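S.K.: no sequence on this one, just coordinates:
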DNA sequence: GAGATATTAGCACGACCGTTCGTGCATTTT
DNA sequence: AAAATGCACGAACGGTCGTGCTAATATCTC
């Protein structure tokens, strides 16, 4: 066959390259979460990490590709911090509540030093057409679909009213969570996280089914 | 005395200077709402407006002062678009609802081409200490105090329950309004504005006093 | 070992950045 | 009319940006 007889994944050269890329991206997501994707500069990354400018550049091929790779890396970190903790929870209202809490904990704990990476970066690019906005829009759709799925699951268990609007609930929850982020950062104050938590629980309670209502009741 | 005998306000030279400063700032708020305060560049403003770089620079003294002036200019525009329309409405729940609607209209109509100026710029600087963050934090406090004042006014009229928490309500309303902004921009879709409107009204309805409850009832 | 291959370094480029300087010009003051 | 004031200009400064080259250095294949 055309492939080499040995396992390509053990090639120490490409492993070294991937390791360098990971090092660069670890720094890049931190910078971008605080200062934005525009503030990423190849020379600055190289200086900070003790690498050469051309070395960093070669690892990505262009600045835009570096930015796109930074978004992908941030998506993984976000997923690990927010989604993984709720993976073992059975579907239903409890899982939805847990998501809210894990998101708030993710922002509060500064998993990214600038708070939520996507809050910062979506604001930066939501009005600028191009591949970066497209990538961020795709990520947003994915995140929104995740929340929406959890809401409908909580409705399917009968814990939320059958006539509740999942889209509106998902919108509200996301808005409340993200609303806490800038206020906490701007004013250096954690109480917005508690307000967001209360408000989210309140909304879910308002849409909760009566305890004696059978699950999956018709509209 | 040291004052000149003629009216200083008729000095055509400083009037001309103020006019160019206004021209520069008009452009600056538009750019910053889309690309952020970091994307403001003196050379770019000069080129766009047919001025010289040094001329633009001289009007502000430093880039940071230009950025601060841009924030002040945006505050005025925001106030005109969002606060002025509710000025004549009598205090109460109706005025609070009107504020929500005027804010959503402000974002939707792209008073700033990048949506809400402060959404963009707060995200950019909420994690970066310095004069810009300080100015934005002060603006945020002012905006928050305005909303809070409208909420407590609506409670004082007896339209909201006396045991409602104005801080939580203000937080929730602001989060819902601002939550619509990035989603509408990122996905080029106006339905978030309707969802935000519904969710805001819903929250206010949930905290509304019973129609037969006397105003200013004790806690 | 030799040779192929992939990652990194060194260097130079053109463009743009914020800022400073000296100058021209219109206006106001004397 | 002369002097002083305030705005805008053009040119130039040192720096940083992204991006090409070429050369050196690891690692793998044979």
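M.R.: Received it, and whenever you're ready, just let me know what you need. As the structure is a computational prediction, the values presented were derived from the model and not from experiment. Numbers count the residues shown, from 1 in each chain, chains lettered A, B, ... in the order given.
S.K.: neighbours around residue A:123, how many?
M.R.: If you count neighbours by other C-beta atoms under 10 Å in any protein chain shown, residue A:123 ends up with 26. C-beta coordinates here come from the backbone N, C-alpha and C atoms, glycine included.
S.K.: The one 3 residues further on now?
M.R.: Other residues near residue A:126 come to 25 when the count uses other C-beta under 10 Å.
S.K.: cool, residue A:152 as well?
M.R.: 18.
S.K.: Next, work out how far apart it and DNA strand C are.
M.R.: Look at residue A:152 and DNA strand C: by C-beta to the nearest atom of the strand, to the nearest Å, they are 43 Å apart.
S.K.: State the pLDDT value of the nearest residue to that residue once chain neighbours are set aside.
M.R.: Leaving aside its sequence neighbours, residue A:152 sits nearest to residue A:166 (C-beta to C-beta, 6 or more residues apart in numbering or on different chains; 4.8 Å). On the pLDDT scale, residue A:166 is placed at 98.
S.K.: Residue A:166 contacts residue A:155, correct?
M.R.: Yes - at 6.3 Å, residue A:166 counts as touching residue A:155 under the criterion of C-beta atoms under 8 Å.
S.K.: secondary structure class for residue A:89?
M.R.: coil (DSSP: H, G, I helix; E, B strand; the rest coil).
S.K.: pLDDT score assigned to it?
M.R.: pLDDT at residue A:89 comes out at 97.
S.K.: if I look at the closest residue to it other than its chain neighbours, how far off is chain B?
M.R.: Distances taken as C-beta to C-beta, 6+ apart put residue A:95 closest to residue A:89, at 4.3 Å, once the chain neighbours are dropped. Per C-beta to the nearest C-beta, to the nearest Å, residue A:95 is found 22 Å from chain B.
S.K.: next one: residue A:54
M.R.: Distance check for residue A:54 against chain B: by C-beta to the nearest C-beta, it reads 25 Å.
S.K.: What segments of chain A are strands?
M.R.: Secondary structure of chain A (DSSP state E): no strands present.
S.K.: and chain A, which of its residues are near DNA strand D?
M.R.: Taking C-beta under 7 Å from any atom of the strand as the contact definition, chain A meets DNA strand D at A:4-6, A:10-13, A:16, A:40-44, A:53-54, A:57-58, A:62-64.
S.K.: Tell me which of those residues fall in helices.
M.R.: A:12, A:13, A:16, A:42, A:43, A:44, A:53, A:54, A:57, A:58, A:63, A:64 (DSSP state H).
S.K.: mind showing which ranges of chain A have poor pLDDT?
M.R.: Applying pLDDT under 70 to chain A flags the ranges A:1-9, A:212-219.
S.K.: show me where it has helices.
M.R.: According to DSSP H, the helices that chain A contains are A:12-35, A:42-49, A:53-60, A:63-78, A:93-108, A:117-125, A:131-156, A:166-187, A:191-206.
S.K.: Tell me which of those is the most buried.
M.R.: helix A:117-125 (a mean of 26; mean count of other C-beta atoms under 10 Å in any protein chain shown).
S.K.: now the angle from that helix to helix A:131-156?
M.R.: 130 degrees (axes from the mean of the first three to the mean of the last three C-alpha atoms, to 10 degrees).
S.K.: is helix A:117-125 up against chain B anywhere?
M.R.: Yes - contact of helix A:117-125 with chain B (C-beta under 8 Å from any C-beta of the partner chain) involves A:119, A:120, A:122, A:123, A:124.
S.K.: what's the closest of those to residue A:159?
M.R.: Taking C-beta to C-beta as the measure, residue A:159 sits nearest to residue A:119 out of the residues of helix A:117-125 next to chain B, at 28.8 Å.
S.K.: Would you confirm that the closest one contacts residue A:182?
M.R.: Yes - the criterion here is C-beta under 8 Å, and residue A:119 meets it with residue A:182 at 6.8 Å.
S.K.: Overlap in contacts, these two.
M.R.: Applying C-beta atoms under 8 Å, 6 or more residues apart in numbering or on different chains, one finds that residue A:119 and residue A:182 are jointly contacted by residue B:123.
S.K.: what's the distance between residue A:82 and residue B:34?
M.R.: Per C-beta to C-beta, to the nearest Å, residue A:82 is found 29 Å from residue B:34.
S.K.: Then residue A:96?
M.R.: 35 Å.
S.K.: In contact with the nearest residue to residue A:73 once chain neighbours are set aside, which residues?
M.R.: In space, and not counting its chain neighbours, residue A:73 is closest to residue A:25: 4.2 Å by C-beta to C-beta, 6+ apart. Shown in contact with residue A:25 (C-beta under 8 Å, 6+ apart): A:69, A:70, A:73.
S.K.: Would you confirm that the first one contacts residue A:60?
M.R.: Meaning residue A:69. Yes - between residue A:69 and residue A:60 a contact is recorded at 6.1 Å, counting by C-beta under 8 Å.
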